[in-house]
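Trainee: what's the 3D shape of this:
(one chain, ligands or ions: 1)
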Amino acid sequence: MSFSDYRTALVTGASAGMGAALVERFCKEGLTVHAIARRQDRLEELAARTGCIPHALDMTDIDSLTRLLRGLEIDVLVNNAGAGRAGSIPSASAEDIDALVDLNVRSVLHTVRTVLPGMMERDRGHIINISSIAGHYNFAGNTIYHATKAAIHMLSRQLRVDVLGKRIRVTEICPGRTETEIFDRNHGVTKDEAREKFYEGYEVPSASHIADIAAFAINLPSYVNIGLIEVTPTFQVPGGLTTLKSKAQ
Ligand SMILES: NC(=O)c1ccc[n+]([C@@H]2O[C@H](COP(=O)([O-])OP(=O)(O)OC[C@H]3O[C@@H](n4cnc5c(N)ncnc54)[C@H](OP(=O)(O)O)[C@@H]3O)[C@@H](O)[C@H]2O)c1
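Mentor: Residues are numbered from 1 along each chain as shown. Alright, predicted model coming up:
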């Protein structure tokens, strides 16, 4: 399979960052691209620039989401919409937990549940899930986010089992730090503070690198499935081990 074997795509979280870059790339490759996000003005600007079909929708509104998806025939699905919240479990509010589970996990499961049967019927499809290194490694800061992204990692593996025997590929793209809007949107800092704290002085992949990686996986023959790609800055490694001395000593 390659782009020429597919006609349509759906990208969630399309109004910024990786989602917008994926829409732009898929449109250039000749696909009819459906783009979902909440901010209508951003989507309209993207549509004017790329020719994508905008759908202003909150992914956590599962009824509206399902109604929209039932009317679409999708060959390439990118589950990209996602959010993070800083903090450990003891510092988390009930709303923090519900918001991240609803967007990062629940909306993805419902999207796949609705889109996959059509792919199976047509024996054609590629699902790309954007997870995170937070779903694979433990490091301090965003425990709920880690848990939701670990769910996306296992969903990606499990979907391969569910579609075995069909020409449907499943690829998990697992990014480390990537230059998008996620840090100022989700960590309670301004755009300038986010740039200074997370990007200035760092060499960091951009959203277009993620789009290039997705395009590479799609362009391989249908009998080649890339299951998982981890992509981080060269100067970023997960790991580290913390051992505390007992206070009694
Ligand atoms: N950037 C990184 O360093 C990094 C690292 C690892 C993983 N990731 C993952 O990469 C994916 C893309 O993130 P990004 O970095 O490109 O973030 P971003 O720039 O903040 O973009 C997030 C997108 O999701 C959309 N979105 C958020 N809540 C939504 C909702 N309820 N319904 C519909 N759309 C919603 C936003 O649009 P609206 O606000 O208009 O709805 C926006 O288009 C996420 O899954 C994220 O967890 C990012």
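
Trainee: which bits of this structure sit near the ligand?
Mentor: Where the chain comes near the ligand, counting by C-beta under 6 Å from any ligand atom, the residues are 13-19, 36-39, 42, 58-60, 80-84, 103, 130, 132, 175, 177-178, 180-182, 185, 207. Quick note: C-beta positions are derived from backbone N, CA and C, even for glycine.

Trainee: who's in contact with the spatially most central residue of the chain?
Mentor: Geometric centre of the chain, nearest residue: Asn80, 2.4 Å, by C-alpha atoms, centre = their mean. Residues counted as contacts of Asn80 (C-beta atoms under 8 Å, 6 or more residues apart in numbering) are 11-14, 18-19, 22, 128, 130.

Trainee: let's see if you can find the most crowded of those residues.
Mentor: Val11 (33 neighbours; other C-beta atoms under 10 Å).

Trainee: and the closest residue to Leu72 other than its chain neighbours, what are its phi and psi?
Mentor: Nearest residue to Leu72, sequence neighbours excluded (C-beta to C-beta, 6 or more residues apart in numbering): His34, at 6.0 Å. As for His34, its main-chain torsions (degrees, to the nearest 10) stand at phi -90, psi 130.

Trainee: shaky segments in this protein?
Mentor: Low-confidence segments of the chain, defined by pLDDT under 70: 1, 248-249.

Trainee: helices of the chain, residue ranges please.
Mentor: With DSSP state H as the definition, the chain shows helices at residue ranges 17-28, 40-50, 62-70, 94-100, 107-122, 143-162, 182-186, 191-194, 207-219.

Trainee: by contact count, what packs against the top strand by length along the chain?
Mentor: The longest strand of the chain (DSSP state E) is strand 168-175. Strand 168-175 sits against helix 107-122, strand 125-130, helix 143-162, helix 207-219, strand 228-231, with contacts defined as 3 or more C-beta pairs under 8 Å, 6 or more residues apart in numbering; DSSP states H and E.

Trainee: ok now the longest one, how far from the chain's centre?
Mentor: The offset between the C-alpha centroid of helix 143-162 and the centroid of the whole chain comes to 11 Å, using C-alpha atoms, centre = their mean, to the nearest Å.

Trainee: ok so, going back, winner for burial among the helices of the chain?
Mentor: helix 17-28 (a mean of 25; mean count of other C-beta atoms under 10 Å).

Trainee: what comes into contact with that one?
Mentor: Against helix 17-28 from outside (C-beta under 8 Å, 6+ apart): 3, 9, 11-14, 33, 35, 37, 42, 46, 49-52, 76, 78, 80-81, 130, 175, 178, 180-182, 206-208, 210-212, 214-215.

Trainee: ok, now which ones touch the nearest residue to Ile144 once chain neighbours are set aside?
Mentor: Once flanking residues are discounted, Ile144 sits nearest to Leu100: 4.8 Å by C-beta to C-beta, 6+ apart. Leu100 makes contacts with 83-85, 144-145, 148, as judged by C-beta under 8 Å, 6+ apart.

Trainee: got the residues you listed as JSON lines, with distance to Asp123 columns?
Mentor: Putting the contacts of Leu100 into JSON lines (distance: C-beta to C-beta, whole Å) gives the following:
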{"residue": "Ala83", "distance to Asp123": "34"}
{"residue": "Gly84", "distance to Asp123": "36"}
{"residue": "Arg85", "distance to Asp123": "40"}
{"residue": "Ile144", "distance to Asp123": "37"}
{"residue": "Tyr145", "distance to Asp123": "35"}
{"residue": "Thr148", "distance to Asp123": "31"}
